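**Q** Provided below are the primary sequence and the corresponding predicted coordinates.
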Amino acid sequence: QKEVEQNSGPLSVPEGAIASLNCTYSDRGSQSFFWYRQYSGKSPELIMSIYSNGDKEDGRFTAQLNKASQYVSLLIRDSQPSDSATYLCAVLDGTSYGKLTFGQGTILTVHP
Amino acid sequence: GAVVSQHPSRVICKSGTSVKIECRSLDFQATTMFWYRQFPKQSLMLMATSNEGSKATYEQGVEKDKFLINHASLTLSTLTVTSAHPEDSSFYICSARDPHYGYTFGSGTRLTVV
């Protein structure tokens, strides 16, 4: 069974700090990786997608992918209280229908 | 960006009744849509993959006779929870794969069965 594991959390960081979220996956054939943010009672919203090894930056967010280690991470710089949410790592399998498998989520709290 | 509209956002029904949830892609065509269920403090669990013009593909352990999926057009998929019971109370979320932004989620439906 394909699995996606995230660091269990919850993670608490002070405002302005860097938050680091980690994710490992079991399916070596996976090619696409996503980070979603989910506020309580809301549906997930896409923050970052990454497909190639290395870093991808978008504003305060940087996704890192290492396919050899089957590892993907998300760094949030200058964390703000509004970043407090559950962060979900999702991995796309290689089938034609392209199912996403989600990790269990990491709760991030940014305190002032 | 791509928009997926999901209705209703919240529904309360009596045990034994059926509830229909609609998921529409507003500005793109979606040949494939996905239905997820999320229990409190848990992650999203894929229930089924909805394919336009063909039968849905259900994940292991999901009762296809209880969770009826219809993908009648390229912009609409529906999930009907039949003979709902309190254990079906959950947050149901649909998702569609759009050509530019990847996977877009609907706003979710909070189902409470009393």
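**A** Alright, I've got the coordinates.
**Q** Let me see the contact set for the closest residue to A:Phe33 other than its chain neighbours.
**A** Closest residue to A:Phe33 apart from its sequence neighbours, by CB to CB, 6 or more residues apart in numbering or on different chains: A:Val72 at 4.7 Å. Every residue, glycine included, has its C-beta placed from N, CA and C. Residues near A:Val72 by CB atoms under 8 Å, 6 or more residues apart in numbering or on different chains: A:22-25, A:33, A:35, A:50, A:63-66, A:89, A:91.
**Q** which phi and psi does B:Asp88 have?
**A** phi -80, psi -10 (degrees, to the nearest 10).
**Q** Then B:Glu87?
**A** Here B:Glu87 shows phi and psi, under degrees, to the nearest 10, equal to phi -70, psi -10.
**Q** how near is the nearest residue to it once chain neighbours are set aside to B:Ala56?
**A** Spatial nearest neighbour of B:Glu87, excluding adjacent residues (CB to CB, 6+ apart): B:Val113 at 7.9 Å. B:Val113 is 22 Å from B:Ala56, where distance means CB to CB, to the nearest Å.
**Q** Look at B:Ser77 and say how many residues are nearby.
**A** 32 (other CB atoms under 10 Å in any protein chain shown).
**Q** quick one: is the helix or strand encompassing it near chain A?
**A** Assigned by DSSP states H and E, B:Ser77 falls within strand B:76-81. No - Strand B:76-81 is not in contact with chain A by CB under 8 Å from any CB of the partner chain; minimum separation 13.5 Å.
**Q** tell me which strands and helices that strand is in contact with?
**A** strand B:19-25, strand B:32-38, strand B:67-73, strand B:90-98 (3 or more CB pairs under 8 Å, 6 or more residues apart in numbering or on different chains; DSSP states H and E).
**Q** would you turn those strands into CSV with mean pLDDT?
**A** Shown next, in CSV, are the helices and strands packed on strand B:76-81 (pLDDT from 0 to 100):
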stretch, mean pLDDT
strand B:19-25, 96
strand B:32-38, 94
strand B:67-73, 91
strand B:90-98, 93
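**Q** Relative to chain A, which of those is closest?
**A** When the helices and strands packed on strand B:76-81 are compared by CB to the nearest CB, strand B:90-98 sits nearest chain A, at 5.0 Å.
**Q** before we move on, the earlier item: from the contacts of A:Val72, which single one is nearest chain B?
**A** For those, the nearest to chain B is A:Cys89 (9.5 Å; CB to the nearest CB).
**Q** Thought A:Thr101 was touching that closest one, still the case?
**A** No - the pair A:Cys89 / A:Thr101 is not scored as a contact, 9.3 Å apart, by CB atoms under 8 Å.
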